[in-house]
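Just a sequence and a predicted model for now, questions to come.
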Amino acid sequence: MFSFNPWEILSAFEIGYYAVLLALVIYPSIKIFQIKSKFRWFFIRFYILLLIKIIGGALTIAFIKDSNHSLGLGIGSSVLGVISSGIIVTSLIFIINFIESFDQPSKPKEKFKLFKLLKTGVSNLFKSKSNREPMNWNSLVDKLTLATIIINAVGSSYSSTDPSISKKLSETGSILYIIVTLLIIVLIKQGFNSIQKSSQSTIHIKSYKKQLLTLVIINMPFLFIRMVYNICTSFSINTSGQTYATRISKFTFLFGQWEYYTFMAFLEECIIMLIFTLVSIWVYKKEYVDGLTTREVVVDDYDESSKSVV
């Protein structure tokens, strides 16, 4: 009689599910790259994300099938899991940035300066609403997400060798993920404001932007639950355990209870990735099929004619 490990079933489903999503976005992505839409950079993130999930599932199955249960395979899968959470966040941020800049010329990327950003934020506290300087929230959240990915990845890699450092880094990273998730709400509000204030956008473009932003909003509850799972995992680590097996908790990926992972992380990620696929297909339909697109133009201070958008 066959007996299956629940983690093995989840991983096999993960590989198949994300392989199907990958196949679904190949054709739309090719067409989006052909018209040089700004959205092509989202597809690069999405491809990386899908490949990480497929590789992570394969590592998990390899760990289960390995008679020696090499801890490196399990930890490798766990590291890819926390990295994927960060790429999901950066993908959401990209969609919001895309919405705000869809029918605007591409401007030279400003160098991110944390001190200047903090100074602007503090000075705005003492100014009236009409006189406040615009805050570059997008850059702040983007850089904070990158730092969070690194902290979580390093924390997961130390889980078997130095549990104390691993716990501290994982706790810090999980808290930062919650903060980033809350900051995305600020970006969503900022996105709606930019749509309302945009005088250049046609009714069709405004409708297109609102549709994409609505899909981002639908993702938020699932993202929040996923980040709560990170909190539960990191804060439940038992650093006093003598072996890795005695340090894990019921929330620990691959070594804990599969039910918690399934309903607090796995299903949420499946839904988020499905919505990303729908966003990809929707952008392909609107921009390639319906022709609702603008030529990407870089603003040059020495060439005023380049400021026009076709």
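Sure, I can see it.

Gly155: how many residues sit nearby?
Gly155 has 25 neighbouring residues, counting by other Cβ atoms under 10 Å. For glycine as for every other residue, the C-beta is placed from the backbone atoms N, C-alpha and C.

actually Lys143, not the one I typed
For Lys143, using other Cβ under 10 Å, the count is 13.

quick one: contacts of stretch 268-276?
17-18, 21, 46, 49-50, 53, 84, 88, 91, 215, 218-219, 222-223, 225-226, 229 (Cβ atoms under 8 Å, 6 or more residues apart in numbering).

Report the buried members of these.
17-18, 21, 46, 49-50, 53, 84, 88, 91, 215, 219, 222-223, 226, 229 (16 or more other Cβ atoms under 10 Å).

Would you indicate which residues of the helix or strand hosting Ile231 are buried?
Using DSSP states H and E, Ile231 sits within helix 203-235. By neighbour count on 16+ other Cβ under 10 Å, the buried set for helix 203-235 is 205, 208-209, 212-213, 215-216, 219-220, 222-224, 226-234.

ok, now stretch 274-293?
Buried residues in stretch 274-293 (16+ other Cβ under 10 Å): 275-277, 279-280, 283-284, 286-288, 292-293.

what ranges do the helices span in the stretch 1-150 of the chain?
6-34, 40-65, 71-101, 114-124, 137-157 (DSSP state H, counting those that start in this stretch).

Pipe the ones you listed into CSV and attach mean pLDDT and distance to Leu182 per row.
Listed next are those as CSV, based on pLDDT from 0 to 100; distance: least, Cβ to Cβ, whole Å:
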stretch, mean pLDDT, distance to Leu182
helix 6-34, 96, 27
helix 40-65, 94, 21
helix 71-101, 89, 11
helix 114-124, 51, 16
helix 137-157, 88, 10
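
Just name the most buried of those helices.
Counting by mean count of other Cβ atoms under 10 Å, helix 71-101 has the highest mean neighbour count of those, with a mean of 21.

on contacts alone, who are the packing partners of that one?
helix 40-65, helix 137-157, helix 163-197, helix 203-235, helix 267-283 (3 or more Cβ pairs under 8 Å, 6 or more residues apart in numbering; DSSP states H and E).

Columns distance to Ile9 on top of those, output as JSON lines?
Output for the helices and strands packed on helix 71-101, formatted as JSON lines (distance: least, Cβ to Cβ, whole Å):
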{"stretch": "helix 40-65", "distance to Ile9": "10"}
{"stretch": "helix 137-157", "distance to Ile9": "23"}
{"stretch": "helix 163-197", "distance to Ile9": "26"}
{"stretch": "helix 203-235", "distance to Ile9": "19"}
{"stretch": "helix 267-283", "distance to Ile9": "14"}
